[in-house]
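K.L.:
here's my sequence, what's the structure:
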Amino acid sequence: MVDKFYFTHAVYEIHGAYREYLKGNRGRPKFRRKYALGQTVTTSFTNSNIAVNAHDSTISLPYLNKEKRLKVIQHRPIEGRIIGTKITRHVTGDYYIIILCEVEMADLPQNENYVGIDVGVKVFVTSSDGTSYPALKALYKQQRRIKRLQRSLSRKYKGAQKKSKQEKNVPRSKNYLKAKAKLARAHEHIANMRTDTAHKISKEIICKNQAIFAEDINVQGMLKNHHLAKAVSDAAINSLMQKLAYKAQWHGRVFLKVCRYFPSTQICPHCGYQNTELKGMQGLRIRELECPQSQVHNDRDSATAVNILNEGMRLWQEGGGPRPRGGMPRSQACGALKELVEAGSPSALADG
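P.N.:
Residues are numbered from 1 along each chain as shown. Below is the predicted model of the structure:
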């Protein structure tokens with residue numbers, strides 16, 4: 001059973017989905033199936049209908065007997081004022097209760113550190129200050145296990161298909177559902193590994209630097225290349241960019257994206273010479289090169305990060321940047337960034 005706020009939040013979700021769709025930030029909304037394995041219920045806090053007891057790790061929710069409290073594994077203590085809760089059932093059969101709280105985010109102490117980051121497949125993040133983070137490769141590490149579970153699921157489906165006279169109505173046996181849950185749990189573990197890595201890297205970068213500059217990477221276009229699609233999707237580049245954007249806005253940092261057409265990989269950071277030979281798939285194989293003009297040996301990723309830093313600083317000082325999605329004019333975006341910088345509390349300016 002659900003309470004009266006369930007239908008209100010459903011309308012809010014539909015409104016938000018179509019609003020982002022009309023802005024061009026997301027695709028066309030799709031309605032959830034009634035019998036989908038993943039289900040979500042959202043409710044609001046009123047008349048103390050949501051209460052969390054940290055001593056015995058229990059929680060009381062609407063439409064439950066007040067004397068009956070659910071035993072939960074509490075991830076961390078509740079901070080701020082509770083405004084609602086979200087109950088999610090995953091495909092694996094696990095239930096998660098997310099407590100929505102209103103918390104005031106304080107700005108981090110300002111510093112004079114500015115960094116440019118280059119995101120890649122072999123090395124996940126390379127910073128202009130010399131710091132690098134290796135690629136996680138979560139899918140590659142769990143690939144043998146995924147193949148084994150997928151074969152097990154396929155055998156159980158084919159076995160049930162042979163017993164059924166109608167191929168369309170294949171009976172779902174208990175063993176089939178168990179194998180399906182195991183496969184879903186393995187994919188969930190991979191997703192959790194990527195999310196955890198993105199959170200740790202973004203938090204460290206935000207805490208150390210006052211301004212972060214990154215390249216506006218066309219991930220959707222890279223996924224069309226079948227030689228790189230698997231590695232690019234395994235890297236979860238968009239997840240890192242999203243976390244950098246909202247964490248910078250929370251803590252009073254600057255996050256600016258450089259135009260994707262800026263030749264950051266072709267320019268020598270010492271003399272400014274542009275090597276046009278570093279194009280296409282053949283150019284990706286060259287990881288270290290020597291500048292023909294200044295005779296300086298450059299590492300490709302480190303030089304790219306320095307070029308992104310220089311271009312980002314130039315755009316930041318001029319008050320410009322790439323045109324954001326959603327139809328905002330470039331002049332309006334530049335004026336908004338100037339006002340934030342002059343006010344002394346710059347926030348994130350991210351593409352989308």
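
K.L.:
domain-wise, how is this protein divided?
P.N.:
Following automatic domain parsing, one finds the domains of the chain at 5-102, 114-135+199-343.

K.L.:
out of these, nearest to Leu177?
P.N.:
domain 5-102 (9.3 Å; C-beta to C-beta). Yep, even glycine has a C-beta here, placed from its N, CA and C like the rest.

K.L.:
distance from that closest one to the middle of the chain?
P.N.:
20 Å (C-alpha atoms, centre = their mean, to the nearest Å).

K.L.:
repeat for stretch 234-251
P.N.:
Centroid displacement of stretch 234-251 relative to its chain, using C-alpha atoms, centre = their mean, is 6 Å.

K.L.:
show me what it is in contact with.
P.N.:
The contact list for stretch 234-251, computed with C-beta atoms under 8 Å, 6 or more residues apart in numbering, reads 105-108, 119-121, 124-125, 135-140, 194-195, 197-199, 201-203, 205-207, 212, 214, 217, 219, 253-255, 257, 347-348, 350.

K.L.:
can you show me the helices along the stretch 201-350 of the chain?
P.N.:
With helices called from DSSP state H, counting those that start in this stretch, the stretch 201-350 of the chain shows them at 219-223, 229-235, 237-250, 280-284, 300-318, 330-343.

K.L.:
rebuild those helices as TSV, extending it with mean neighbour count, mean pLDDT and distance to Arg69.
P.N.:
TSV is the format used below for these (neighbours: other C-beta atoms under 10 Å; pLDDT from 0 to 100; distance: least, C-beta to C-beta, whole Å):
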stretch	mean neighbour count	mean pLDDT	distance to Arg69
helix 219-223	13	87	44
helix 229-235	18	91	41
helix 237-250	19	92	32
helix 280-284	11	62	56
helix 300-318	21	87	51
helix 330-343	14	42	46
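
K.L.:
of the ones you listed, which is nearest Thr131?
P.N.:
Here helix 300-318 is closest among the helices of the stretch 201-350 of the chain (C-beta to C-beta), at 9.5 Å.

K.L.:
and the contacts of that closest one?
P.N.:
114-118, 120, 123, 126-128, 130, 132, 211, 213-215, 254, 256, 258, 262, 264-265, 267-269, 278, 286-289, 321, 334, 337, 341.

K.L.:
are any of these buried, and which?
P.N.:
Burial by neighbour count, judged by 16 or more other C-beta atoms under 10 Å, picks out 114-118, 120, 123, 126-128, 132, 211, 213-215, 254, 256, 258, 262, 264-265, 267-269, 278, 289, 321, 334, 337, 341 from the contacts of helix 300-318.

K.L.:
restricted to strands, list the contacts of helix 300-318.
P.N.:
With DSSP state E as the criterion, strands contain 114-118, 123, 126-127, 132, 211, 213-215, 254, 256, 258, 288-289 from among the contacts of helix 300-318.

K.L.:
how about the spatially closest residue to Ile99 that is not a sequence neighbour, what does it touch?
P.N.:
Leaving aside its sequence neighbours, Ile99 sits nearest to Thr85 (C-beta to C-beta, 6 or more residues apart in numbering; 5.5 Å). Taking C-beta under 8 Å, 6+ apart, we find Thr85 in contact with Thr42, Thr43, Phe45, Ile50, Leu61, Ile97, Ile98, Ile99, Leu100.

K.L.:
who does the second one bridge with?
P.N.:
Which is Thr43. Thr85 (DSSP bridges).

K.L.:
any idea how far it lies from Asp216?
P.N.:
38 Å (C-beta to C-beta, to the nearest Å).

K.L.:
His226 too?
P.N.:
Computed as C-beta to C-beta, the His226 to Asp216 distance reads 23 Å.

K.L.:
neighbour count: these two, which is higher?
P.N.:
Taking other C-beta atoms under 10 Å, His226 and Asp216 do not tie; Asp216 has more neighbours (18 against 7).

K.L.:
relative to Lys68, how far out is the more buried one?
P.N.:
For Asp216, the distance to Lys68 equals 51 Å [C-beta to C-beta].

K.L.:
and Ile206, by the same measure?
P.N.:
Taking C-beta to C-beta, one finds Ile206 at 42 Å from Lys68.

K.L.:
who has more neighbours out of those two?
P.N.:
The residue with more neighbours, out of Ile206 and Lys68, is Ile206; 21 against 9, by other C-beta under 10 Å.

K.L.:
how close does the more buried one get to His251?
P.N.:
Distance from Ile206 to His251, by C-beta to C-beta: 6 Å.

K.L.:
any residues in contact with both of those two?
P.N.:
Leu108.

K.L.:
and the closest residue to Asn307 other than its chain neighbours, what pLDDT?
P.N.:
Nearest residue to Asn307, sequence neighbours excluded (C-beta to C-beta, 6+ apart): Ser264, at 4.3 Å. For Ser264, the pLDDT comes out at 83.
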